[in-house]
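Participant: Model the structure of this input:
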Amino acid sequence: MQARERAIERLKNATQRREALTIRGADSRHLTWTDERHQISTRDFDSIDSIDPDERVATVQSGVSLAALHTELTAQRLMFPAAFPAGVLRALDLPGFAEGTIGGLFSDPRESAAFPQRGRVRDHILGVEAIRGDGTPFKAGGRVVKNVTGYDLTRLLCGARGRLGLVTRLHLRLDSLPECVLVSRLGYADDAELFDAIASLRITGREPLILAVHPNGDDSSDRWTVVLADAGRRGVAYLQLGRLLERLSREPIGEITELTGEDAADPDGDPPHASSSRSSPTLSPRIRIRLPFRRWSGFIRALPLTRLAVVWETIFPFAHFGVARLTGDYPERRRMDLEGVRRLATEHGGSVVLESRPSDWEPNDDPLSDGSAASTILLRQVGQAWDPAGVLWTRNGTRP
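Facilitator: Numbers count the residues shown, from 1 in each chain. Just a heads-up that it's a prediction; the model follows:
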């Protein structure tokens, strides 16, 4: 029996027994809480069915890892724009963002570090094949844009966290692999200097591909390190990056790192700049803080005044989110700090969700929910129609 038929049978049986199931992919962010008896896995959906370089379209199954997808696409000088190759992310000190599967990326509502420039994942998905919670298979979209008629279910399914069905196959819109990727670093001594510089880039209308802000340790003379990345043809990329550095009126720290398209997609290469504090495993839960661009400066100044045990990892102000760790000594303290950060973010017009969690902490809410009823109302209405037994509409292994 093929993986698809096994999944259909599993969901139909669960519907008859009114059993709640959780979809599990690579579990790269440790957000799956139920035991294996109440999971349905995508590990058997691991085939890259086809890659068409002329049409720039790929058809892949949902369990294909991002590293495997990048490797196959790079061989044909292609890339999936919504998922940055591992080499680029290592150069930016962001190794964790290259993990997981294509199905997990599609189901995850979280933004990428470069979505202002490259768009969201849903902008690069032409169609999907999936199975509803009651075991009914269906398709949305197709391999070409003209196949999309009526309501675009692909966009509804994208970011639904598996609530509306088990996605088994995706048709991806591809782009050419850039000739080179350039990475430069700048140091800033205080918050005001940092955000004045970032605001000066914002008003030019020409933002870098990725702008990441990393906090420095106490032994550094600079409080923040800003990492700029741009990509394209070599001459154009250097010209664009030079204009950004000229606008910032600051010399970069060290030399500009240049990666070829092939280097950028290498999943096993050595990072040109490593940061053990950001790449080493930790028991601390990681959270994603979403804020409007103009609110970052005030939020960063206000956070230390709350005495919450929160440590920044990386901030992407142009992408409107940052990642931090809850460093309280015990789970109850970390839960309290999470609620405290959520209140502060709400006051600044933002929201907070979990990015990952330690194995000893099982909060009762949906890890990817920001607590807003408006963010789930449409999913709930469609889910009740497609999955009346609530098989896939689960929260920590139980129905909400």
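Participant: Only alpha carbons, please: show whichever strand or helix holds residue 155 as CSV.
Facilitator: When elements are assigned from DSSP states H and E, residue 155 belongs to helix 153-157. Taking Å, rounded to 0.1, in the frame of the first residue of the first chain, the C-alpha atoms of helix 153-157 are listed here in CSV:
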residue,chain,number,x,y,z
LEU,A,153,-7.6,27.0,-1.5
THR,A,154,-3.8,26.8,-1.7
ARG,A,155,-3.5,30.2,0.2
LEU,A,156,-6.0,29.0,2.8
LEU,A,157,-4.1,25.8,3.4
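Participant: Could you point out the helix or strand that follows that helix?
Facilitator: Criterion used, DSSP H and E; the element after helix 153-157 is strand 166-173.
Participant: Identify the residues contacting stretch 233-243?
Facilitator: Stretch 233-243 has contacts (C-beta atoms under 8 Å, 6 or more residues apart in numbering) with 178-182, 184, 206, 208, 228, 230-232, 256. C-beta: built from backbone N, CA, C; applies to glycine.
Participant: rerun at 6 Å
Facilitator: 179-180, 182, 230 (C-beta atoms under 6 Å, 6 or more residues apart in numbering).
Participant: For it, list every residue counted as buried.
Facilitator: Residues of stretch 233-243 classed as buried by neighbour count (16 or more other C-beta atoms under 10 Å): 237-238, 240-241.
Participant: Can you get me the centre-to-centre distance for that stretch and its chain?
Facilitator: 27 Å (C-alpha atoms, centre = their mean, to the nearest Å).
Participant: Put the alpha carbons of that stretch into PDB.
Facilitator: What follows is stretch 233-243 as a C-alpha-only set of coordinates in PDB (Å, rounded to 0.1, in the frame of the first residue of the first chain):
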ATOM      1  CA  ARG A 233      24.600  39.000 -10.500                       C
ATOM      2  CA  ARG A 234      28.000  39.700  -9.000                       C
ATOM      3  CA  GLY A 235      28.500  43.200 -10.300                       C
ATOM      4  CA  VAL A 236      25.000  44.300  -9.500                       C
ATOM      5  CA  ALA A 237      25.100  42.800  -6.000                       C
ATOM      6  CA  TYR A 238      28.300  44.600  -5.100                       C
ATOM      7  CA  LEU A 239      26.900  47.900  -6.500                       C
ATOM      8  CA  GLN A 240      23.700  47.500  -4.400                       C
ATOM      9  CA  LEU A 241      25.500  46.500  -1.200                       C
ATOM     10  CA  GLY A 242      28.000  49.400  -1.700                       C
ATOM     11  CA  ARG A 243      25.100  51.900  -1.900                       C
END
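Participant: Now it: average pLDDT?
Facilitator: Per-residue pLDDT over stretch 233-243 has a mean of 90.
Participant: So that it lines up with my notes, have the first residue be 15 from now on.
Facilitator: Will do, 15 is the new start, and the previous item becomes stretch 247-257.
Participant: Low-confidence stretches in the chain?
Facilitator: Along the chain, the model assigns pLDDT under 70 to residues 15, 42-49, 98-112, 159-165, 275-297, 371-390, 408-414.
Participant: Can you spell out the domain ranges of it, please?
Facilitator: 17-190, 194-290, 295-378 (automatic domain parsing).
Participant: Nearest approach to residue 395 belongs to which of those domains?
Facilitator: domain 17-190 (10.6 Å; C-beta to C-beta).
Participant: Run the chain-centre distance for that closest one.
Facilitator: That offset, for domain 17-190, works out to 12 Å (C-alpha atoms, centre = their mean).
Participant: Could you tell me the end-to-end distance of that domain?
Facilitator: 32 Å (C-alpha to C-alpha, to the nearest Å).
Participant: Adding distance to residue 398, write the domains of the chain out as a markdown table.
Facilitator: As requested, the domains of the chain are exported to a markdown table (distance: least, C-beta to C-beta, whole Å):
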| stretch | distance to residue 398 |
| --- | --- |
| domain 17-190 | 10 |
| domain 194-290 | 39 |
| domain 295-378 | 22 |
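Participant: if you compare those domains, which one is most tucked away?
Facilitator: Mean neighbour count (mean count of other C-beta atoms under 10 Å) peaks for domain 17-190 among those, with a mean of 19.
Participant: Might you report the residue contacts of residue 188?
Facilitator: Here residue 188 is in contact with 70, 72, 92 (C-beta under 6 Å, 6+ apart).
Participant: next one: residue 80
Facilitator: 97, 114.
Participant: roughly how far apart are it and residue 94?
Facilitator: 8 Å (C-beta to C-beta, to the nearest Å).
Participant: sorry, back to before: out of the contacts of stretch 247-257, which comes closest to residue 328?
Facilitator: For the contacts of stretch 247-257, the nearest to residue 328 is residue 244 (17.8 Å; C-beta to C-beta).
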